[in-house]
Structure formats: C-alpha cells, structure tokens
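Enquirer: predicted model follows, preceded by the sequence.
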Amino acid sequence: MKALTDLFREWIPQQRWFGGKGREWADVTEDGFFLDRGNPVLSVHRVRIEYTDGGRDTYLVPLSWRDQQAEDLESAFVGAVASEGNETYAYDAMRDRESTAPWLIHLAQGSSIGPMHFSPADEGHIPEGLPGDIVSTEQSNTSLVYGQEAILKLFRRLEPGLNPDVEVHAALRRTENEHIAPLLGHVQIDDAAGGEPATVAMLQTFVANASDGWRLATASVRDLYAEGDLHADEVGGDFAADSRRLGAATASVHADLARVLPTEEATRDWFATVARQMSERLDAAIEIVPQLAEHADGLRALYAAVADSDERVVRQRVHGDLHLGQVLRTATGWIILDFEGEPARPLADRRELDTPLRDVAGMLRSFDYAARHLLVEQPEDTQREYRAQEWAARNRAAFCAGYSEASGLDPCGESPLLRAFEADKAVYECVYEARNRPHWLMIPLQSLSRIADRD
Ligand SMILES: Nc1ncnc2c1ncn2[C@@H]1O[C@H](COP(=O)(O)OP(=O)(O)O)[C@@H](O)[C@H]1O
Ligand SMILES: O=P(O)(O)O[C@H]1O[C@H](CO)[C@@H](O[C@H]2O[C@H](CO)[C@@H](O)[C@H](O)[C@H]2O)[C@H](O)[C@H]1O
C-alpha cells in the first residue's frame, strides 16, 4: 500500500494547476488536517515539493475520503491508502460535490480550523449549505460555483502574503464601484510558504448570465471575416461600442483604486528600474524563444527611451494582467475579474505600485490577439490580415476613447511607456505561448515586428 506522498508524486504532476511540469522532484513532504469529519471526511494537505534544480513549492490539496470506491468519481480518484488495517480511498475534493459545502459553512461562521482561518467580508450573503460545481476552464487555480450565487477560487500554489486578488477586491469593496464582483470572504493558512501565512481561497459574488469579453470579441471578428465586402464599422457584430464601455469601466476601476489604496509620483529612478526590468525580461525570454532575438535591438532602443523619459506618471495599484478573458459583460455593463496579476511573477512584485498604462497596454494587446487569432490557421491570407488590423485599430481606438471620456486622461497618446509596456507584454506572451500554446506563438511575435521595428 502506498503512502500519501507516493500518491502525490504520481497525481500532482498530472494536474492542470501544477506549475512545475517537467521539473524533477527531489523530495516531497506533506502535512494535513481535517476540515470536516462528516461523510465523506474532508482533509486539507500542504504538500511541499523540493525539485532537483534547488527550487521548492508548496501546493494546497484538499482530499475527500471514502470507505468504498465511488464509481461516479472515477476521474477524481487520487489513490488508496491503508488506514487502521483497512483501505480508504482518496478523491480530489474539489471534484467531489459532497465535499464542497464545508468551505462556505466555515466562511459564514468565521471559523479557525487548525492552521486555517476563514474570514467573511463585512457585507454580503454567503450561500452556506449549497454544494459547489467545479469550473471547467480551470487553469492555475481551481474554482467552485455555488448555485450561481458565489464562486470560490482556491489558490493552489501557496505564496507568502495576502493574495492581491483578495487585497484589491477588499479595498474596492469600500467603494461603490459597479465594475467588480463583490468580495464575500477569504481564507488564510499559517506557516504555508517560507513560514509566513498565505491566502488559500477567495469567495466572490458569482456574476450570472454573463459572457466573457474574449468570446464576444472573437465572435465579432468572425463576423467581419465572413463578410468580405463590409468594413469593421459596417458589420452587425461590430464590437466598438462594447470596447468603448470597457475603456470607461477600466478607467473607473483605476480611479477607485487610486482613491482607496496608496499612490506615489513616479521618480526618475522608477523609470530606470522599469526599463532595466523589461530588458532583463527580454534577455530571459530570448533563452526560451530564440526568435525574439531579431527584435532585440528595436526593443532595447524603446526601453532606453523609457529610461530617459520625463513623463509625469502617478503610480498606483492596478490589475496587472488585464485582457479580454478577464472581463465579463452582463446585461448592464462590464465586470473586471482576477486582480492577481501575471501568474508567473512573484507575489511581492505583483503587489507593487504600477501605472494604469500597464493595464491599458494589456487590453490593447488583447484586441490584437482577438483580431489575429484566426490567422493562425491561414498565416498567408493577406486580405484577412488587413481586416484583422482594421478590427484591432477600431477597437483599440474605441477602448482608449472610452477611457479618456471617463477619466479625462488620454491613455493612448504617443507615450514611449505605453509602447514599451505593449512590447513587454508581448515578450511575456511569447514565453506563455511557447510553454502553453506553441501554435499561437506567431501572434505576439508578429505584433513585436510592428511594435519594436516601428521607426
Ligand atoms: N465572479 C465571477 N462570476 C462569474 N464567473 C466568474 C467569476 N470569477 C471568475 N469567473 C469565471 O471563472 C473562470 C476562472 O476565473 P479566474 O478568476 O480568471 O481564474 P484563473 O486565475 O484560474 O484564470 C473564468 O472563466 C471566469 O469567467
Ligand atoms: O487568464 P490568466 O490569468 O491565466 O492569464 C494567462 O493566460 C492568458 C490566456 O488565456 C494570457 O492571455 C493571452 O491570451 C489571451 C487570449 O487567450 C489574450 O486575450 C491576451 O491578450 C494574451 O495576453 C495571459 O497573458 C496569461 O497571463
């Protein structure tokens, strides 16, 4: 019979949320505690992995336990373990509906169980008693939707400190901002990563009957491609009015973030540091995506212009990874989700003050992506390439116009900082695509030809 750590060695590397794929494990230890002793029993494990490359990670794994194998949970089966002379069967508790209620019950009660502390928000209804259904688009985290009322996001990899998603949502809760999904509570665990507490989960109001921006924007692009004779402003699926409202929603969230969280005028040193960081990120990215080398000179010149810039910029908390997949459109307007920042960056970096231009650049990149993703199948189609540029230009301009109307600031002028942020995001995307969707790598690479090699 296997020990629990042996099961984790086999099971964890196959999970979508495991970020250490391809790295060899030198050692693994775990400690667990019971979150619920009902039937099934629910336990939570901090799994500490040491890699042969010297790195280490701690992951959170909730398990549900049954005396007999459950046929309907086959895909959630983790393995069998000996317990007091019998076999017990461990399942991925996030996929075992009967084990999902305790999270909300403990949040509603504000419980502390072992090292885990549940904190309800001051306002809002926690629908305790309902079971949760796993969200199928699971990526680096695992989310459960409770009856279309609330969504619990479990942060799998534990990092010391308060997760920015919780921090930012808690701060925005103090405003009347209508473009976020209200925070209902969060969960922390002691001694998780490097001895410090870490955020384990966040509960938010579920935005029902909404469509995500990526799906809506790409439907609009498909309409344009299907109608050879009509231009972007003439087709039924024109997206520009939505882009404009999205710009206004982004400006409104930025304004409220600046109101309730610290701000600071950017110093000359900050410009120099940002330029250096972008150059370092480029150097590291070239190691992974050698095709980036041909744009290196153009990009370094752009980053040098940032280092010398005398723009006046106020730094504040921002979203950090804004793209069309992070926004939902309801019957009444846009909701912005997921203030975690770029998942690949350390948590401390993601909490630093930045400029709203970082988010504007992220969304401008996303319009480019939406316009160009169909070209991946037909890279030589020059007519479509032209239409893609037209769609991207129209929606980028509409987003910027909506942002300026709402804020009185034009975020999309001739700022080298904005262009550099777009380039930096495209460099990040090259690495992301090389690792996750290599056939999409051409999208950010082609954009870089335009951004880096322009004048
Ligand atoms: N408050 C919410 N209401 C409705 N859907 C949501 C909400 N929060 C997240 N989602 C959906 O859940 C999925 C994952 O959410 P996200 O926070 O982006 O997680 P990840 O960090 O894993 O990408 C997305 O498809 C998103 O549309
Ligand atoms: O949503 P996540 O926080 O997981 O963000 C990561 O994955 C995104 C892909 O889903 C990635 O975004 C890139 O692809 C999008 C289309 O799928 C596009 O709209 C974005 O502009 C592009 O950056 C994101 O960068 C990554 O952090």
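Expert: Yep, it's here. Ligands and ions are numbered 1, 2, ... in the order given.
Enquirer: ok, and does stretch 77-96 reach over to ligand 1?
Expert: No: Stretch 77-96 lies out of reach of ligand 1 by C-beta under 6 Å from any ligand atom, never closer than 12.5 Å. In short, each C-beta sits where N, CA and C put it, glycine included.
Enquirer: ok, and what's touching that stretch?
Expert: Outside stretch 77-96, the residues that touch it by C-beta atoms under 8 Å, 6 or more residues apart in numbering are 1-4, 7, 10-11, 40, 42-43, 62-70, 73, 75-76, 99-100, 134, 142, 144, 154.
Enquirer: next, the closest residue to Arg23 other than its chain neighbours: phi, psi?
Expert: Of all residues not flanking Arg23 in the chain, Tyr51 sits nearest, at 4.6 Å (C-beta to C-beta, 6 or more residues apart in numbering). For Tyr51, the backbone dihedrals are phi -100, psi 160 (criterion: degrees, to the nearest 10).
Enquirer: residues from this structure in reach of ligand 2?
Expert: Counting by C-beta under 6 Å from any ligand atom, the chain sits next to ligand 2 at 139, 214, 321, 323-326, 338, 342-343, 365-366, 369, 429, 432.
Enquirer: so which other helices or strands are in contact with the longest helix seen in the chain?
Expert: Criterion DSSP state H: the longest helix present in the chain is helix 382-407. Contacts defined by 3 or more C-beta pairs under 8 Å, 6 or more residues apart in numbering; DSSP states H and E place helix 382-407 against helix 213-226, helix 240-260, helix 356-372.
Enquirer: does the next helix or strand after that helix reach ligand 1?
Expert: With elements assigned by DSSP states H and E, the helix or strand that comes after helix 382-407 is helix 416-436. No: applying C-beta under 6 Å from any ligand atom, one finds helix 416-436 separated from ligand 1 by no less than 12.4 Å.
Enquirer: what do you get for stretch 136-148?
Expert: Yes: Stretch 136-148 reaches ligand 1 (C-beta under 6 Å from any ligand atom) through Thr137, Gln139, Ser140, Asn141, Ser143.
Enquirer: ends of that stretch, what's the gap?
Expert: 15 Å (C-alpha to C-alpha, to the nearest Å).
Enquirer: just how off-centre is that stretch within its chain?
Expert: Centre-to-centre, stretch 136-148 and its host chain are 13 Å apart (C-alpha atoms, centre = their mean, to the nearest Å).
Enquirer: and the residue of the stretch 101-250 of the chain nearest ligand 2?
Expert: For the stretch 101-250 of the chain and ligand 2, the shortest gap (C-beta to the nearest ligand atom) falls at Gln139, measuring 4.6 Å.
Enquirer: quickly list what the residue nearest to Arg23 is bridged to.
Expert: Applying DSSP bridges to Tyr51 yields these beta-bridge partners: Trp25.
Enquirer: residues near Leu375, how many?
Expert: 18 (other C-beta atoms under 10 Å).
Enquirer: need the phi and psi values for it.
Expert: phi -70, psi -20.
Enquirer: go on, Glu84?
Expert: Torsion angles, degrees, to the nearest 10, at Glu84: phi 50, psi 50.
Enquirer: going through the residues of the chain next to ligand 2, which ones are buried?
Expert: Buried members of those, scored by 16 or more other C-beta atoms under 10 Å, are Trp214, Asp321, His323, Leu324, Gly325, Gln326, Asp338, Arg365, Ser366, Tyr369, Glu429, Tyr432.
Enquirer: any idea how far the nearest residue to the fourth one once chain neighbours are set aside is from ligand 1?
Expert: Same thing as Leu324. In this structure, Leu324 finds its nearest non-sequential neighbour in Gly213, 3.8 Å apart by C-beta to C-beta, 6+ apart. From Gly213 across to ligand 1, the span is 9 Å (C-beta to the nearest ligand atom, to the nearest Å).
Enquirer: quick one, what contacts the residue nearest to Phe206 when sequence neighbours are not counted?
Expert: Distances taken as C-beta to C-beta, 6+ apart put Ile151 closest to Phe206, at 4.6 Å, once the chain neighbours are dropped. Residues near Ile151 by C-beta under 8 Å, 6+ apart: Val135, Ser143, Leu144, Val145, Ala181, Leu203, Gln204, Thr205, Phe206.
Enquirer: and what of Arg384?
Expert: Arg384 makes contacts with Tyr225, Leu374, Leu375, Gln378, as judged by C-beta under 8 Å, 6+ apart.
Enquirer: dihedrals phi and psi, the closest residue to the residue of the stretch 101-250 of the chain closest to ligand 2 other than its chain neighbours?
Expert: Nearest residue to Gln139, sequence neighbours excluded (C-beta to C-beta, 6+ apart): Arg16, at 6.7 Å. For Arg16, the backbone dihedrals (degrees, to the nearest 10) come out as phi -60, psi -40.
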